Structure formats: C-alpha cells, structure tokens
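K.L.:
below are the sequence and a predicted model for it; my questions follow.
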Amino acid sequence: MSRFVELAFNLPVRKAFTYALPDGLSATTGQRVAAPFGARKLTGMVVGERDSAPVGVAEIREITRVIDERPIFDDKVVQLARWMSRMYMCSLGEALSAMLPAGRRESQQEETALEEEPRLHELAPQQTDAIAKVLEKGAGSYYLFGVTGSGKTDVFLHVAREVVSRGLGVIYLVPEISLTHQAVRIFRAHFKNRLAILHSSLAPSQRLKEWMRVLDGDVDIVIGARSAIFAPFRRLGLVVIDEEHEGSYKSGTTPRYHARQVAMYRAGQEGAVLLMGSATPSLEAWHHMREGTLTGLRLPDRLSGGAMPAVEVVDMRREQGPLSATLLDRIGRVHAEGRQAILFLNRRGFSYMFHCRSCGYEMTCAHCSVAMTYHKERQRMICHYCGSSAAPVTVCPTCGSLDVGYSGFGTEGIEEELGRHFPHMVTRRIDTDAVKKKKVLKEALADFRDGKIHVLIGTQMVAKGLNFPGVKLVGIVNADTGFQMPDFRAAERTFSLLVQVSGRAGRSIPDGIVLIQTFRPGAAAILMAREGRLEEFYAAELDMRRQLGFPPFSRLIRLVVRSRNRQKALDACAALARALQEPVSGVAELLGPAECPLARISGSYRYHCIVRATRFSEAHARVSAALEAFRVPAGVHIEVDVDPQALL
C-alpha cells in the first residue's frame, strides 16, 4: 500500500504537495483529507499516490485525518481539472474546488416553481428533422437556432430520452438557478427519480449527496446552472446548453471558466453530443455555424399558437418621467382586456444617482469607482458591486448646497410610479432585492401565472425562458443601459436582451405587443431587434469585429492586477507588461497596461493588460510560462481571464 499521497489545495500555487500517511490511516485518489499547510490546517484533495518520498525532500508532514469515507471523484474528474488548470492558468486545487460539491456559491437566486405539464407533444416536422440530425452520428456539436416559443425544449427532451435509452448520461445546463425548477418539472415526468439537481445554492451536503448519486450510476440526467457541467458521469452521452448566449455561463471567480468551453472539451474527450440552443446565439456560435464548425439546426416558427409580437419604439427624448404616455396607455388597455404585462428594467433600486446641482458632486462608493444607488424601501444608498451602504444625504457634502436630488430610476422607482398611475392594479417587483426571502420568487411567479398579479416588474430574472400565456404586453423601460458599458460586446448584449425580453409576449395568442423605450431610437441594435433582423445584425456586428480585430476573429487573455495600494497595482501591472512583451511578440498583440474601466472595486485599485492573439495556442503557452516566472509583489493579486466576456 502506498504510504504517501499527492495533495492539491485550493490555493493559487501551481503544484501538488507530498504528504505521508500516518499509521492506521489510508487515503486514495479522489478523497479529501485534512492536512497542515504552514501554520494552517487546510482541506487537501488527493490527486495521486506514491510508494516513496520525493528525492531531496528533508521533511514530509503527515495528514491529520481523512474527510471522505470513499472517493468523491475519479481519474476522469482529475483529468478534466488538469485541463482546466492549463486552460485557465490556475492551480489544480483551484480547478477541483470549483468542480466539487463544496465549491463556492455562484448565485443567490432560488429555484422557480412553475407548474409545467409533463410533455411529449406531437412534434412538428421542423423538430423531428432536428432530432434526427442530432441522433444520427451520436457525437458532434449542434446548435438549435429558433425563435422564442419554437419548441426547443421538446427537441432537448426527445434527444435526452434517446441518449438515456442507450445507457448514457445527460447534462442539461440552464443559465440561472431560477430556471432549473422549470426544467426539472418537464424532465422529471420522464426520468422520475433518476434525475439529479446540481447547483451551488444547494447546501454542500445536498450537493454532495446528488454528486455521489451521479458517481454511483443512480442518475440518468443532471440539471443545473454553470457548475453542473462537472457532473461526474462515467459515460456521458449528451450535454445540452439552453440559452447558450447568456453571460452567466462564464465564471466570475478563479478559475474563470466558461461552461460552453468545458462542455466542448468534455464532449470531445468522451465522444458525446453537444447540443446548444437559443433564439439569439452568441456571436461566436453564429460565426462557427457560418464557418461550418458547428452544425446549425433551424426552428423558424412559433408552435404554441402565438405569433411574434408587434414591436414599437418610443423616443424618450420627448417624454416626461420614466414611463411614456404610450406605455401607460397600453398598460391600461391590456389590463381592461383581462391580460397581463411585464415591465423590464435592468437596474435595481429606486434611483441610481445622487448629485448636487450647484457644484456637480455625485455620490460614489468609498470603495468602488461606481455611483451609489438609492434604495427607498431600505432608506439606504447602496453599492451594487461591494454591497457597502450609507445613509442618504439632503445636503451636498462638498459645497453645502441644498439643491440636491436623485436622477435615473430603478425597479423600485418604476414600482412606485406604476402605483401612482394605477392604484387599483396588483403589481409585483422581481429582482434580487425583492426575492431575498425564501419562496418569494416562487410564489410571485405562481401568482402571476394564475392571474393574481396584473403587472410584473423585473430585472434580468424575468427576461429568460419564462412562459406565461396571459402576457400580452412587454415594456422595456430603458433599452439603453447596455450601451452605457464601455465594452465591445455592448451592442450584442443589448440586441440579445431586447429579442429575448420581447419573446415573453404573445406566446400563446397572436396579438403580443412589445414597447421599447429608448433615448437612442436610431441605434442599429434597437432598430434590428424591433424588426427581427437577426441575420443582418449578426453580419454587421461580425464585420465590425473583423475590422477591430476582436473575437471571434481573435482570442483575448486579460490579466487584471489589483492591490489596495494604487502605486503597487500600477507598478506591478507595468512590470507584468514588460515581462509579457517579448514572449508574446510575433504571435499576439499586447494592449496596456491601462487602468480598468472600473478602476476600483471593494477597495482594490485595478489595472489590466490584454493579450490579443490570432495564434492562440502559442500565445496561451507563452503567457502561461511568463506568469509562472513572474514574481508577484506582496499585497498584489493577479486575476487571469482567458476569453473574457467583459473588459470592465
């Protein structure tokens, strides 16, 4: 029996450490153990075993206890973690920690309990054709591109049933935890208790229980958000990525993996089918469909009796207040018909800027370079980046003027405005502030579906995948928030969001209406979303990206240097740029060093370098080697983001 084990820790140290097994203790690859590390006791993951100590090591410390009764991951999981460690330039321990059940939380949102009828509907020809093409080879990458309400979920369900009948496992990814329950209702009718839910708002003990069911072969299908891609199936046959375009598939913490990339790698390694779907594919996916490296499958028609809604644009430059006369009129008319409305605004709070009209002072967070948002319900100014809060002020702290006020509006402000115009209507706000309490989201959506709520006001949470037959009107209160981000994906995100939110209207009856309020009625993304000119938008956006040299015509590696000391962060970023300049020359372009658009978050000053590569493999290898050799000064942290989704 081996007397030594190799341990990986959730630390930014890219090597494994050898520990001895004391008498009476045995541990094997795949178990977690407690072990001393410096002055601390940490949880280590056994990633290898050895019979002898490494040569030249004077002292080897012993593990103190074995945490798991049996292995909770196998060699396949370790191999996937090793690939992630190389791809995303993190340690093996950080990769394993992101994968395993006790990993970090990725969302605070709870599941949505919407009643879904068990379904195996009679399929339309467009659906049967798509299913046949996917199942024909039993492997490969496919993209189900169809308008909202075109029956993508039924295609996913039929393909999953066939794959399971062949003795293979299925992973079904949704972009938000709030959508998992809807998928679970549909799929549980067919897979009964051989279905597991894996997402990180479950308690660690629940996640571990579900994880072990998969590992033991007691599960045919796993449903979950981003981290469910790591489900430890011994024989994986299908990965479904629903709403592939969503940014939430990209992790915001180390390792900054994209579930789509991990899915592509796993499917390739294990000979599985990768089936993605959306009404608004990401620009990368669209490009790959055009290039033929991804097989596109079209679902052009709504199947539920609905039609694509009529879309109108309202120019807010001529309006007073956040809700236009046109939108208010439509809300009243729709209510009189006994139908419902959804108002979408991607901003929480009551208003989002406090300013002095005398000297121009704006209240920003003391720890972040962003404006504080006023939350009237809580009587606090809150930073949505670090969570710090302060009492609202009535006097300018800079010049003492009383001529101060709030501008802009969030969901809370819209809720109050609606109550003023329609006191007899039942309205409900759905955002992360409103649904913090258990079951609030579930109850609100159930009440809306039952017609007890007339108008639903919400952020991104109401934009994705929800299907309410009674909705006739969708109002997009401010279509411009996406444009205000200094990011090359801003137009793509705005276009996608407008099309997706519009898709909530008229899903069952062909008289849906969408009203888009904007101060930029001539913006291409708004005009093309209004007219449903998807192909034209993608062609124009791809042409612009080609000219600018941005993805998908290049690959980016972003390196963010942060420190609580501004000079340290700046000096370290400049030193990192010098260390990268020679290695990447000839295979990539180095942009920066420069201050990040969000220059300070949670008290840390931020600077970044961006490597833009057309020869990605070479550039990646050279950046990785340069980072290994770079000495990071004390008090400085470097965040590596391969293929970043945003440059803020």
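P.N.:
Here it is on my side, so go on.
K.L.:
does residue 595 belong to a helix, a strand or coil?
P.N.:
The three-state label given to residue 595 by DSSP: H, G, I helix; E, B strand; the rest coil is strand.
K.L.:
contact partners for it?
P.N.:
606-607 (CB atoms under 8 Å, 6 or more residues apart in numbering). C-betas here are computed from N, CA, C, even on glycine.
K.L.:
now the strands for the stretch 101-250 of the chain?
P.N.:
140-146, 169-173, 195-197, 221-224, 236-242 (DSSP state E, counting those that start in this stretch).
K.L.:
now swap in the stretch 501-648 of the chain and tell me
P.N.:
Under DSSP E, counting those that start in this stretch, the stretch 501-648 of the chain gives strands at 513-518, 555-563, 588-601, 604-613, 636-642.
K.L.:
for the first one, packing partners?
P.N.:
In this case it means strand 513-518. Helices and strands touching strand 513-518, by 3 or more CB pairs under 8 Å, 6 or more residues apart in numbering; DSSP states H and E, are strand 310-315, helix 325-336, strand 471-476, helix 490-502, helix 524-530.
K.L.:
where does pLDDT dip in the protein?
P.N.:
1-2, 102-121, 304-307, 347-353, 384, 407-408, 432-438, 461-466, 484-486, 506-510 (pLDDT under 70).
K.L.:
in it, which helix is the longest?
P.N.:
Counting residues, the longest helix found in the chain (DSSP state H) is helix 566-584.
K.L.:
who's in contact with residue 618?
P.N.:
The contact partners of residue 618, by CB under 8 Å, 6+ apart, come to 587-588.
K.L.:
test my guess that residue 280 contacts residue 500.
P.N.:
Yes: here residue 280 reaches residue 500: they are 6.1 Å apart, a contact under CB atoms under 8 Å.
K.L.:
which of the two has more residues huddled nearby?
P.N.:
For residue 280 versus residue 500, neighbours defined as other CB atoms under 10 Å are more numerous around residue 280 (27 against 22).
K.L.:
okay, the helices and strands packed on strand 513-518, which one's buried deepest?
P.N.:
The highest mean neighbour count among the helices and strands packed on strand 513-518, using mean count of other CB atoms under 10 Å, belongs to strand 471-476: a mean of 26.
K.L.:
residue 141 pairs with what?
P.N.:
Beta-bridge pairing for residue 141 (DSSP bridges): residue 274.
K.L.:
quickly list the domain ranges of the protein.
P.N.:
Taking automatic domain parsing as the reference, the chain has its domains at 4-99, 125-299, 310-350+409-544, 555-642.
K.L.:
closest one to residue 390 among those?
P.N.:
Proximity to residue 390, assessed across the domains of the chain by CB to CB, is greatest for domain 310-350+409-544 (13.5 Å).
K.L.:
run the chain-centre distance for that closest one.
P.N.:
20 Å (CA atoms, centre = their mean, to the nearest Å).
K.L.:
okay, how far is it across it, tip to tip?
P.N.:
Distance across domain 310-350+409-544, first residue to last, is 29 Å (CA to CA, to the nearest Å).
K.L.:
likewise stretch 525-534?
P.N.:
10 Å.
K.L.:
likewise for stretch 232-241?
P.N.:
Termini of stretch 232-241 sit 17 Å apart (CA to CA).
K.L.:
for residue 563, find the nearest of the helices and strands packed on strand 513-518.
P.N.:
helix 490-502 (28.3 Å).
K.L.:
show me what the closest one is packed against.
P.N.:
Counting contacts by 3+ CB pairs under 8 Å, 6+ apart, helix 490-502 packs against strand 471-476, strand 513-518, helix 524-530, helix 534-548.
K.L.:
just the CA trace of the second one, in CSV.
P.N.:
Included here for strand 513-518 are C-alpha records, laid out as CSV according to Å, rounded to 0.1, in the frame of the first residue of the first chain:
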residue,chain,number,x,y,z
ILE,A,513,-47.1,43.9,-28.1
VAL,A,514,-43.6,45.0,-27.2
LEU,A,515,-42.8,48.6,-26.4
ILE,A,516,-39.1,49.6,-26.3
GLN,A,517,-38.4,52.9,-24.6
THR,A,518,-35.1,54.5,-25.6
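K.L.:
can you give me the helices in the stretch 201-350 of the chain?
P.N.:
Ranges of helices in the stretch 201-350 of the chain, per DSSP state H, counting those that start in this stretch, are 204-215, 259-270, 283-291, 325-336.
K.L.:
run the angle between the third one and strand 140-146 for me.
P.N.:
Right, helix 283-291. Per axes from the mean of the first three to the mean of the last three CA atoms, to 10 degrees, the angle that helix 283-291 makes with strand 140-146 is 110 degrees.
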